[in-house]
Every structure is written in C-alpha cells, then in structure tokens.
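Chemist: sequence first, then the predicted structure:
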Amino acid sequence: MSTTTIQVAGPPPYDVVVGPGALTALPSAIGPARTAVVVADERLSDHVDVVRKLLPDATVQWVPSGERAKSVAQLERLWQEFAAAGVSRSDVIVAVGGGATTDLVGFAAATWMRGVRIVHVPTTLLAMVDAAVGGKTGINTAAGKNLVGAFHPPAAVIVDLDVLSTLPVAEWTNGMAEVVKAGFIADTGILDLIRADPHAHMSALVERSIAMKAAVVSEDLTESGRREILNYGHTLGHAIERREGYRMPHGHAVSIGMVYAAELAVLAGIASPGLANGHRELLSTVGLPTSYAGGAFDELYDAMRLDKKARTGRLRFVVLRDVGQPTHLDDPDRELLAAAYERVVAT
C-alpha cells in the first residue's frame with residue numbers, strides 16, 4: 001500500500017502522511033520519546049487497539065465525543081493525566097479522533113510545559129482535511145467557539161484512508177463541507193471531482209484538500225494574511241454553532257455559512273448572481289444544508305461580532321469574487337448583512 005507525504009512548512013516543518021494503511025507510520029512519527037500518551041475519542045476503542053499494538057508502551061486516556069470534549073474541565077483533566085504520566089518536553093502526545101479531539105488535545109499539548117510534541121491521527125473526514133492540519137487548537141467557552149486556543153503545529157499527522165471505509169454517512173457529509181470549501185477558495189478541480197462522483201474520487205479529494213491547506217498554512221502559520229481564506233463560511237457558521245449549543249455538526253453550519261457569504265458577495269456587488277446558486281447546488285449534492293431558521297439574525301449578528309475574526313469590533317468576511325478567487329469584505333452595513341441572511345432563511 002502506497003502513501004503520499006505532504007509537507008507543511010514550519011517553524012517547525014512537519015509531514016502529513018496520507019494513504020491506506022498510513023497508521024503504520026505512527027511509531028516513526030513519534031520518534032524517541034520516553035513517554036507517549038494517547039488521548040482518544042471514547043467511541044474509538046477498536047481503532048485505539050490498533051494504536052496500542054503499534055505503541056505498546058503508551059498510556060491511553062479517553063475524552064468525550066464531539067464538541068463536549070472542548071471544555072475547560074476536560075483540558076484540566078488532561079493536564080492532570082499528563083502530570084501523572086510524567087510527560088516532559090521530550091515526550092509526545094498522540095491525539096486519535098475527530099476535529100474536536102484534535103482541537104482539545106492539541107491545546108492541552110500546547111499549554112503543558114509551554115508546549116510538548118503532538119502527533120494527530122484524525123479519524124473523521126473533517127479532521128483529516130481540516131482540523132488536524134495547520135496547528136490551530138482550542139476549546140469552546142460560553143463566549144464562543146475556539147476563542148481560547150493557541151497555534152501549536154503538530155510533529156506529524158497520520159491520515160489513514162482505511163478509516164473512511166467505516167465512516168458513518170453523517171460523518172462523511174459533515175466532512176465534505178470542508179472539502180467543498182477547499183474547492184471554492186482555491187483548488188477548483190476539487191469541485192469537478194465532486195460533480196463527477198465524490199465517492200469514486202475520495203482519496204484524491206482528501207489529498208487535494210490537505211495539499212491546499214498545507215500550501216496556505218505554509219505561507220501563513222498564524223493567520224496574519226492568506227490563511228484567513230480558510231475561514232470561508234465560518235463567521236456565520238460559528239455563530240450558528242453557538243446558537244445551537246454546538247449540537248449542529250460543524251460542517252452543516254459552515255455549509256450554511258458559505259451560502260450566506262456567497263449571497264453577501266452578490267448583494268455587495270462583488271460576485272455575479274450565479275455564485276450563490278452554484279453554492280446551493282454543489283452543497284446539496286453532498287447532502288449538506290443551505291438554509292437556516294428565520295428570526296435568528298439579531299442573535300447571530302451579536303455572536304458574529306464576538307467572533308475572533310472580527311477586528312476592533314468590526315466584522316470581516318471572507319467572500320468570493322468567483323470560485324477560486326477569495327477576497328475580504330470589511331465592516332459591511334448591518335442592513336446588508338440582514339438582507340443576505342434573508343436569502344438563506346428556510347422557506
């Protein structure tokens with residue numbers, strides 16, 4: 001079985017190993033660490049059994065599934081477990097799970113002893129193409145999603161495509177939002193593969209999505225420039241997630257957020273009217289929602305103003321001039337935002 005290695009520039013640089021059976025690269029990825037602690041989603045005992053065979057001396061800790069894991073309480077518990085295991089700065093943490101797991105465990109690793117090495121083993125499509133790559137970590141608080149976090153690049157990311165064969169349909173759909181996003185903002189060939197048959201081209205879609213993100217992150221590690229395009233659809237998406245108490249899947253919220261950003265670009269005169277309809281058509285093809293509840297704009301507007309992408313209290317949106325041509329819309333009028341929202345209200 002062959003794998004592909006995608007390099008992400010540093011500091012520090014690291015590799016993303018992608019392909020069927022890629023998990024066998026895990027022992028070499030963790031290096032000579034004296035202590036390895038595996039932190040895994042509590043639903044993944046079968047997957048962790050394989051990891052245990054590869055790392056027989058590692059200890060294992062479990063965290064709740066999904067966004068429930070991304071709390072101060074879980075973070076503090078992991079610090080305590082790291083202390084009990086004697087984790088030093090020469091040791092390594094291995095995160096096994098979806099995006100919520102890699103976000104939480106990555107932040108725990110970033111803050112333990114001011115930073116210990118972490119290797120991500122993403123087990124969902126969403127984590128493979130987005131959360132595990134790029135070094136952004138964080139937890140959720142009452143104020144919003146990922147407002148508490150750190151940039152902490154992993155030592156390696158192991159993307160074993162064999163996992164996709166057992167991925168529930170709902171998890172596949174959720175992850176496809178970030179794959180579609182990669183096509184909208186940069187690699188338009190991804191959209192062609194989705195239109196042809198996303199299931200038949202799944203390996204290529206994963207590799208191309210990771211390669212796109214790796215290229216952007218390599219250019220801008222800390223989101224001071226080009227990396228901001230990766231937030232396409234996330235300004236409204238994060239506000240929806242907060243309103244839903246993080247019960248709505250991330251990909252669903254981002255899907256709605258991308259349609260909203262497209263409508264905003266159309267109303268602002270940045271894009272042609274066909275952009276929004278093209279978004280709806282493609283996202284619907286993979287089973288993602290494209291509309292949201294009426295009467296929610298005021299609450300969502302307040303949440304968006306708290307988003308970490310806002311600057312000095314002013315909203316800033318990633319929008320598209322056309323597919324593959326991202327730009328920014330700074331401080332749009334509230335009336336424009338409300339009008340665009342009316343276009344995504346479910347009828």
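Modeler: Arrived safely, thanks for sending.

Chemist: would you map the strands across the stretch 101-250 of the chain?
Modeler: In the stretch 101-250 of the chain, the strands defined using DSSP state E, counting those that start in this stretch lie at 117-122, 136-141, 144-151, 156-160.

Chemist: wait, which of the ones you listed is closest to G257?
Modeler: Closest approach to G257 among those (Cβ to Cβ): strand 144-151, 12.2 Å. In this view, the C-beta of every residue, glycine as well, is placed from N, C-alpha and C.

Chemist: so what touches that closest one?
Modeler: If you take Cβ atoms under 8 Å, 6 or more residues apart in numbering as the criterion, strand 144-151 is touched by 103, 107, 110-111, 135-141, 221-223, 238, 241-242, 246, 303, 306-308.

Chemist: let's see it at 10 Å
Modeler: Strand 144-151 is contacted by residues 67, 70, 72, 75, 103-104, 106-107, 109-111, 115, 134-141, 217, 221-223, 234, 237-239, 241-242, 246, 250, 253, 303-304, 306-308 when judged by Cβ atoms under 10 Å, 6 or more residues apart in numbering.

Chemist: export the least confident helix or strand in the chain by mean pLDDT to CSV, keeping only CA atoms.
Modeler: Lowest by mean pLDDT, DSSP states H and E among the helices and strands of the chain is strand 144-151, with a mean of 92. What follows is strand 144-151, C-alpha atoms only, in CSV (Å, rounded to 0.1, in the frame of the first residue of the first chain):
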residue,chain,number,x,y,z
GLY,A,144,-18.0,31.4,21.7
LYS,A,145,-16.2,28.7,19.7
ASN,A,146,-12.4,28.4,19.8
LEU,A,147,-11.9,31.8,21.3
VAL,A,148,-9.5,30.2,23.8
GLY,A,149,-6.7,28.5,21.9
ALA,A,150,-3.2,28.5,20.5
PHE,A,151,-1.2,27.9,17.4
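
Chemist: quick one: strands adjacent to it?
Modeler: strand 136-141 (antiparallel) (DSSP bridges).

Chemist: which positions in the partner strand come out as buried?
Modeler: K136, T137, G138, I139, N140 (16 or more other Cβ atoms under 10 Å).

Chemist: what's the angle from it to strand 117-122?
Modeler: 80 degrees (axes from the mean of the first three to the mean of the last three Cα atoms, to 10 degrees).

Chemist: so what's the residue nearest to P64 when sequence neighbours are not counted up against?
Modeler: Setting aside the residues directly before and after it, P64 is nearest to E42 in space (Cβ to Cβ, 6 or more residues apart in numbering), at 6.1 Å. Counting by Cβ under 10 Å, 6+ apart, E42 touches V48, Q61, W62, V63, P64, S65, R68, A69, G97, T101.

Chemist: pLDDT, secondary structure and distance to R280 added to those residues, as JSON lines?
Modeler: JSON lines is the format used below for the contacts of E42 (pLDDT from 0 to 100; DSSP: H, G, I helix; E, B strand; the rest coil; distance: Cβ to Cβ, whole Å):
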{"residue": "V48", "pLDDT": "97", "secondary structure": "helix", "distance to R280": "39"}
{"residue": "Q61", "pLDDT": "98", "secondary structure": "strand", "distance to R280": "42"}
{"residue": "W62", "pLDDT": "98", "secondary structure": "strand", "distance to R280": "39"}
{"residue": "V63", "pLDDT": "98", "secondary structure": "strand", "distance to R280": "36"}
{"residue": "P64", "pLDDT": "97", "secondary structure": "coil", "distance to R280": "34"}
{"residue": "S65", "pLDDT": "94", "secondary structure": "coil", "distance to R280": "30"}
{"residue": "R68", "pLDDT": "92", "secondary structure": "helix", "distance to R280": "31"}
{"residue": "A69", "pLDDT": "96", "secondary structure": "helix", "distance to R280": "32"}
{"residue": "G97", "pLDDT": "98", "secondary structure": "strand", "distance to R280": "31"}
{"residue": "T101", "pLDDT": "98", "secondary structure": "helix", "distance to R280": "31"}
